[in-house]
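K.L.:
the following block contains a protein sequence and its predicted model.
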Amino acid sequence: MNIYVLLKQTFDTEEKIVIEDGRVSDDGVKFVINPYDEYAVEEALQQRDQHGGKVTVVSVGPERAAEALRQALAMGADEAVLLTDGRIGADEGAAAAALEKYLSGQSVDLVLGGNFSVDSGGGQVAVRLASRLGLPHVSSITSLRIDGSTATARRDAEGDTETLEVTLPALFTAQQGLNEPRYPSLPNIMKAKKKPFQTLSLDDLGLSAVEALTERVSLSLPPERGAGQLIPGSPAEQAARLVELLRTEAKAI
């Protein structure tokens, strides 16, 4: 089974966000594998160990993303591919287009990714990729069972559980609770240095550019929370005053 995992390098969730000149500053920050992508890596390893095959982790990003890919190799992935090029637009649509070009030239049985990325909050890359490749997909899965060419996945749905069955090849995105990602051991960290690692540009993919579908107009931190207010009066007077404040100050209604 040929299993591919979509992986993104993100800020450590403990990092403080600092905005300089309209962009998030990455000076001195710690980068990690997107936490939801760790569930995808772990699931890929478990499916490989059960059914045989190979796990390849793939990332679209700057050269520093190689660190996250090597961590996935240390977890147990077999190969890694980094698609890095300044001509790849900086949004989900461009990332999906670059990944489509790469994966369309591979033999794919299963694609796994995280439910969303914790830095931008975006959850579009995997879904866009599935559409571009014409693959069935199930998002936010909490369990996955593969029997031959049939995959059965479960996911949370409005307080209940939904079970879906699709035919491979297919794409799934991982939700918290799918598994417990393993920590790389020291021997596996050493072995990871010798595993196949490809760095590809758009020229290698046969593309000249991948344009972004969106443009960031501005970026700013949310306004600081103001002091709370105590509303005097009877319950009816308080309710009327609260509605007035929500309409005139908070602009919530």
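P.N.:
All right, it came through fine.
K.L.:
now do the contacts for residue 1.
P.N.:
Counting by C-beta atoms under 8 Å, 6 or more residues apart in numbering, residue 1 makes contact with 47, 48, 51, 52, 53, 54, 109, 110, 146. (Glycine included, C-beta is placed from N, CA and C.)
K.L.:
any chance of those residues in a markdown table, with pLDDT too?
P.N.:
As requested, these are exported to a markdown table (pLDDT from 0 to 100):
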| residue | pLDDT |
| --- | --- |
| 47 | 98 |
| 48 | 98 |
| 51 | 96 |
| 52 | 96 |
| 53 | 97 |
| 54 | 97 |
| 109 | 97 |
| 110 | 98 |
| 146 | 97 |
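K.L.:
which strands and helices sit next to the longest helix seen in the chain?
P.N.:
Of all the segments of type helix in the chain, defined by DSSP state H, the longest one is helix 35-51. Applying 3 or more C-beta pairs under 8 Å, 6 or more residues apart in numbering; DSSP states H and E, one finds that helix 35-51 contacts strand 2-6, strand 54-60, helix 66-75, strand 110-114, strand 137-147, strand 170-174.
K.L.:
from the chain's centroid, how far away is the helix or strand containing residue 101?
P.N.:
Secondary structure assignment for residue 101, by DSSP states H and E: helix 92-103. Going by C-alpha atoms, centre = their mean, to the nearest Å, the spacing between the C-alpha centre of helix 92-103 and its chain's C-alpha centre is 13 Å.
K.L.:
that one - contacts with which helices or strands?
P.N.:
Counting contacts by 3+ C-beta pairs under 8 Å, 6+ apart, helix 92-103 packs against strand 54-60, strand 79-83, helix 125-133, helix 202-205.
K.L.:
emit the PyMOL select command for whichever of the contacts of residue 1 are buried.
P.N.:
Buried residues among the contacts of residue 1 (16 or more other C-beta atoms under 10 Å), as a PyMOL selection:
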select buried, resi 47+48+53+109+110+146
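K.L.:
and the two most separated of the contacts of residue 1?
P.N.:
54 and 146 (15.0 Å; C-beta to C-beta).
K.L.:
ok, back up a step: what's the closest of the helices and strands packed on helix 35-51 to residue 199?
P.N.:
Here helix 66-75 is closest among these (C-beta to C-beta), at 7.3 Å.
K.L.:
quick one: end-to-end distance for stretch 93-112.
P.N.:
By C-alpha to C-alpha, to the nearest Å, the extent of stretch 93-112 from end to end equals 18 Å.
K.L.:
can you pull the pLDDT of residue 189?
P.N.:
Residue 189 is assigned 94 on the pLDDT scale.
K.L.:
who touches it in this structure?
P.N.:
Contacts of residue 189 by C-beta under 8 Å, 6+ apart are residue 74.
K.L.:
am I right that it is in a helix?
P.N.:
Yes - counting by DSSP: H, G, I helix; E, B strand; the rest coil, residue 189 falls inside a helix.
K.L.:
what's the helix or strand for residue 117?
P.N.:
Here residue 117 is assigned to no helix or strand, by DSSP H and E.
K.L.:
what sits against it?
P.N.:
Counted by C-beta under 8 Å, 6+ apart, residue 117 has contacts 8, 10, 34, 36, 37, 123, 125.
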